[in-house]
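> Below is the sequence, then the predicted model.
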Amino acid sequence: MTEIPNINLNNGVHIPQLGFGTFQIKPADTVEAVQRAFDAGYRHIDTAQMYGNEKEVGQAIAQSALDPTDVFVTTKLNNNKHSRDDALASFDTSLKDLGLERVDLFLIHWPLPAVGNFVDTWRAMEEIYQSGRARSIGVSNFQAHHIGRLLAETTIPPAVNQIELHPYLVQSELHAYNDEHGIATQAWSPIAKGLVLDDPTIVTVALAHNKSAAQVVLRWQIQLGNIVFPKSATPARIQENTAIFDFELDDSEMSMISSLDRGQRTGPDPDTFNYVP
């Protein structure tokens, strides 16, 4: 079984660097997918209120032979729960659905700059953290200027910033900003929904290491210091995605992959995305 390294967050909490993402996994398929992830060695599960599968993630944890304290669980605040009271109540619902007394990481899913004041939302997150029911709190899809407001106007800095990041969207400036402020970078859509897998540069590197293109991109993420959680409901791919710790990319290969950056998003722009369900 693969031993996955941990990263130390700015509040001392250890987070597995490789996790299992559940975005777009249907609730009916979630229990089996998460159980397969556990079998493959994953101990970090990423879900969200918006995904609609927190109950099934909780069922998978309860049905496994694992101690729940051995599983690192991340979930995220839905876009229609940004007021203080809604944030607190929805967090209670997440804990109930997950069947847990606390989560390891709770994130604001999107800043929604035109919808409300995410600074006030963050203050509700601070309350949750101070209650001990979330071991760490962070943000998702925040730009540097969003984080700058939090650092200037609130007390607790985010432990992580979960952003879209892949070879076609390297986000080097935002990554450096996170590093400068002690905020770990998590990468969602780490293989750009498959868009990068046929890139000739990545295919060449993969052939050199006798690895798949996806494994090479995930290894690139790991060596950048990112926390990454690929999503797949396919058993073979779930297993394959953990087999990235038995090889290393050299500096030239890392640079070659990073040079593919074209600023191409597969998801919304956080400065303009204001969707509320």
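Happy to help now that I have it.
> lowest average confidence, helix or strand, in this protein?
helix 235-240 (a mean of 92; mean pLDDT, DSSP states H and E).
> Show me what counts as buried in the helix or strand following it.
Per DSSP states H and E, the first helix or strand lying C-terminal to helix 235-240 is helix 251-258. Judged by neighbour count using 16 or more other Cβ atoms under 10 Å, the buried positions of helix 251-258 are 253-254, 256-257. (C-beta placed from N, C-alpha, C; glycine too.)
> Nearest to F91 among the residues you listed?
I257 (37.5 Å; Cβ to Cβ).
> close enough to count as contact, the closest one and V203?
No: the pair I257 and V203 fails to qualify as a contact (Cβ atoms under 8 Å) at a distance of 11.4 Å.
> Run through the helices of the stretch 51-200 of the chain in chain order.
Taking DSSP state H, counting those that start in this stretch, the helices of the stretch 51-200 of the chain run over residues 54-63, 84-98, 118-130, 144-153, 172-180, 200-209.
> Would you mind pulling up the elements that the first one packs against?
The contact analysis (3 or more Cβ pairs under 8 Å, 6 or more residues apart in numbering; DSSP states H and E) places helix 54-63 against helix 27-40, strand 44-46, strand 72-77, helix 84-98.
> Ok, the shortest one next?
Applying 3+ Cβ pairs under 8 Å, 6+ apart, one finds that helix 172-180 contacts helix 144-153, strand 160-164, strand 184-188.
> from the middle of its chain, how far away would the last one be?
Taking the mean of its C-alpha atoms, strand 184-188 sits 6 Å from the chain's own mean (Cα atoms, centre = their mean, to the nearest Å).
> name the helices or strands packed onto it?
Using 3+ Cβ pairs under 8 Å, 6+ apart: strand 184-188 touches strand 137-140, strand 160-164, helix 172-180, strand 227-228.
> Could you export the longest one as CSV, CA atoms only?
Listed in CSV are the C-alpha atoms of helix 172-180, where the atom choice follows Å, rounded to 0.1, in the frame of the first residue of the first chain:
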residue,chain,number,x,y,z
SER,A,172,2.7,30.8,-10.3
GLU,A,173,2.0,34.3,-8.9
LEU,A,174,-0.9,33.1,-6.7
HIS,A,175,1.1,30.0,-5.6
ALA,A,176,3.9,32.3,-4.6
TYR,A,177,1.5,34.6,-2.7
ASN,A,178,0.1,31.6,-0.8
ASP,A,179,3.6,30.5,0.1
GLU,A,180,4.6,33.9,1.2
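> could you give the angle of it to helix 144-153?
Here helix 172-180 runs at 20 degrees with respect to helix 144-153, directions being taken by axes from the mean of the first three to the mean of the last three Cα atoms, to 10 degrees.
> got it, and the second one?
Comparing the axes of strand 160-164 and helix 144-153 via the same axes, to 10 degrees yields an angle of 170 degrees.
> pLDDT averaged over strand 160-164 - what is it?
Across strand 160-164, pLDDT averages out at 98.
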